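S.K.: Whatever this is, show me its structure:
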Amino acid sequence: MRREEIIPSAARLTNSLRDLGYEFSSAVADLIDNSVAAGAGRVSITIHFDGPDSWIRVADDGAGMTGASISEAMRLGAARDYGEGDLGKFGLGLKTASLSQCRVISVASRTAPNRRRIEARRLDLGHVTETDRWEILHLTGTERPEPLIAPLREATGTVVMWENLDRILNFRDPWGGWAQRHLMALAEQLELHLGMVFGRFLSGQARWRRRLHITINGTPVEAWDPFVRAEPRTESLPVKEFPVAGGLVRFSPFVVPAQREFTSDAAWRRASGPRNWNRQQGFYVYRADRMIQSGGWSRMRTQDEHTKLARASLEFWPDLDEAFEINISKMRVRLPEDLREQLDRPVAELVKRAQERYRGGDKRSPRPRPPSGPPPPPPPFRSGAVPASVDGERRGAGAEEARSATLPAGGGGNGSGAVSPPSGGSGGQGPLVTLARPTAVAALQRAAERAGHSDALELILDQLRRDDPEVARELGL
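M.R.: Now for the predicted structure:
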């Protein structure tokens, strides 16, 4: 039988991969997955505005990569084995996440602390389109831009840099105020997203992983606990474990306090989350301690004002990826049918208790005193051996704090009705100020809930936030 190898068109395929559904924050989070897999303890994100020459850089202090390893990491479907606790899966994240936002990806790395040798490679979509070849460029000497190699001068690690940000700064006037404000808004959204997705790593509660420190233009990212376990009146219901596809899924339900039961107004506003109270109810799905779904009932029930205090974590390990239908961007999961059946009764009990708490939560009782100490870590849970892994899709990266010319990141705007004013406190974190959502938007949400199309409305509102952030802010989104 005669065989013929058919090689895909590099130009067509790479351009098609740009539309896999990544949002800006999820694309950056995918890069940080590689930093975690490389054993990094610090990740420094720099967002630099310079009109059409703006760039974004992610640097960490992991083990670093050899030149051959960088080349392999920049291959589509990188050849590597994933451990049970690895955050990666397909060998596509570095490329697909980056290409969804920019046209030029550069990767530099240093492996030896006693040697200053830095390896650097570049994937330029313009070059691939022009030549229709799967080629990357080896950067040497003056070909390497200073921001790419600066974090590696004094430390080992890896740096990923995005240039030609056509999907981020797609404005007719890249020097205009709209472009700069858009980049600032993205920095604020990114801060909240990373604090949520990597909350367990930032707080030191991730199992079998070192504590992670993330900064955006020098501002530390703070962990966000959706279950506000630091509040004394948060109620923890019995934890249950369910067998699914040969593994285990842990269900941990919580009823968070009503507004008057919080220790402070600031604590209540922070607990509202990036998407506000009603949309933050429901399941928080964790894969290997990394959050991949924040709120929502996964079509088991609709969101409701009276159940907004109900939140629950669902935890599983990558051995159940197929059962949960994890997608490439790790932004979507689908609950297995046998898990849905097992969750029916526990979810009903959680919702009932949350409704009772909601109805009794408006009584004017003295606020409890703030607790001392951090929230307790989640109890040990594993569905298989989870070895500490240092084999990321790429390894490590030296960290460097933002330079003086970088764009300052906001301290907590959330794109959903909350903004963070500047603060002189440590870390640049100011108290959140919640803006009342206009009656028209609230009416739309109620109508969408009654029609059974809440998810569709939220997708439309999310798209509005991305396409026209100024209008979204005026609406309080």
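
S.K.: Assess the claim that residue 144 and residue 120 are in contact.
M.R.: Yes. Judged on Cβ atoms under 8 Å, residue 144 makes contact with residue 120 at a distance of 4.9 Å. Glycine gets a C-beta too; all of them are placed from N, C-alpha and C.

S.K.: When these two are compared, which one has more neighbours?
M.R.: Taking other Cβ atoms under 10 Å, residue 144 and residue 120 do not tie; residue 120 has more neighbours (24 against 17).

S.K.: How is that one assigned, secondary-structure-wise?
M.R.: Following DSSP: H, G, I helix; E, B strand; the rest coil, residue 120 is assigned to strand.

S.K.: What are the boundaries of the strands in the stretch 251-400 of the chain?
M.R.: Using DSSP state E, counting those that start in this stretch, the strands of the stretch 251-400 of the chain run over residues 282-287, 290-294, 310-316.

S.K.: could you dump the ones you listed to a markdown table with mean neighbour count, distance to residue 360 and mean pLDDT?
M.R.: As requested, those are exported to a markdown table (neighbours: other Cβ atoms under 10 Å; distance: least, Cβ to Cβ, whole Å; pLDDT from 0 to 100):
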| stretch | mean neighbour count | distance to residue 360 | mean pLDDT |
| --- | --- | --- | --- |
| strand 282-287 | 24 | 21 | 96 |
| strand 290-294 | 21 | 27 | 93 |
| strand 310-316 | 24 | 15 | 97 |
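
S.K.: Could you dump those into TSV with distance to residue 340 added?
M.R.: Below are these laid out as TSV (distance: least, Cβ to Cβ, whole Å):
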stretch	distance to residue 340
strand 282-287	11
strand 290-294	15
strand 310-316	11
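
S.K.: picking up where we left off before, which residues are in contact with both of residue 144 and residue 120?
M.R.: 106, 108 (Cβ atoms under 8 Å, 6 or more residues apart in numbering).

S.K.: re the thing from before, so which of the strands of the stretch 251-400 of the chain gets nearest residue 453?
M.R.: When the strands of the stretch 251-400 of the chain are compared by Cβ to Cβ, strand 282-287 sits nearest residue 453, at 16.7 Å.

S.K.: what does the closest one contact?
M.R.: With Cβ under 8 Å, 6+ apart, strand 282-287 has contacts from 87, 200, 226-227, 291-298, 303, 310-318, 321, 324, 326, 330, 333, 335.

S.K.: how about the residue lying closest to residue 10 once chain neighbours are set aside, what does it touch?
M.R.: Spatial nearest neighbour of residue 10, chain neighbours left out: residue 134 (4.8 Å); criterion: Cβ to Cβ, 6 or more residues apart in numbering. For residue 134, the contact set (Cβ under 8 Å, 6+ apart) comprises 10, 75-76, 128.

S.K.: Assign residue 134 to helix, strand or coil.
M.R.: coil.

S.K.: Just the pLDDT at it, thanks.
M.R.: Looking at residue 134, its pLDDT reads 86.

S.K.: Give me the distance between the two termini of stretch 55-64.
M.R.: This stretch, stretch 55-64, spans 22 Å end to end (Cα to Cα, to the nearest Å).

S.K.: avg pLDDT for that stretch?
M.R.: Average pLDDT, stretch 55-64: 96.

S.K.: just stretch 118-127 next, same as before
M.R.: Across stretch 118-127, pLDDT averages out at 95.

S.K.: Just the endpoints, please. Distance across that stretch?
M.R.: 23 Å.

S.K.: again with stretch 211-218
M.R.: Taking Cα to Cα, the first and last residues of stretch 211-218 lie 18 Å apart.

S.K.: For the residue nearest to residue 305 when sequence neighbours are not counted, give me its contacts.
M.R.: Nearest non-adjacent residue to residue 305, counting by Cβ to Cβ, 6+ apart: residue 278, 6.2 Å away. Neighbouring residues of residue 278 by Cβ under 8 Å, 6+ apart: 303-305, 308, 445.

S.K.: Among those, which one lies nearest to residue 52?
M.R.: Within the set of those, residue 445 lies nearest residue 52; the separation is 38.2 Å, counting by Cβ to Cβ.

S.K.: Please identify which helix or strand holds the closest one.
M.R.: helix 439-451 (DSSP states H and E).

S.K.: what's the model's confidence in that helix, averaged?
M.R.: In the prediction, helix 439-451 has an average pLDDT of 69.

S.K.: and if you look at stretch 199-214?
M.R.: The average of the pLDDT scores along stretch 199-214 is 92.

S.K.: Return the set of buried residues in that stretch.
M.R.: Neighbour-count burial for stretch 199-214, counted by 16 or more other Cβ atoms under 10 Å, picks out 199-203, 205-206, 209, 212-214.

S.K.: Among the residues you listed, which ones are in strands?
M.R.: Using DSSP state E, the subset of these located in strands is 213-214.

S.K.: farthest pair in the buried residues of stretch 199-214?
M.R.: Farthest apart among those by Cβ to Cβ are 205 and 214. That separation is 15.0 Å.

S.K.: residues near residue 359, how many?
M.R.: 11.

S.K.: go on, residue 3?
M.R.: By the criterion of other Cβ under 10 Å, residue 3 has 4 neighbours.
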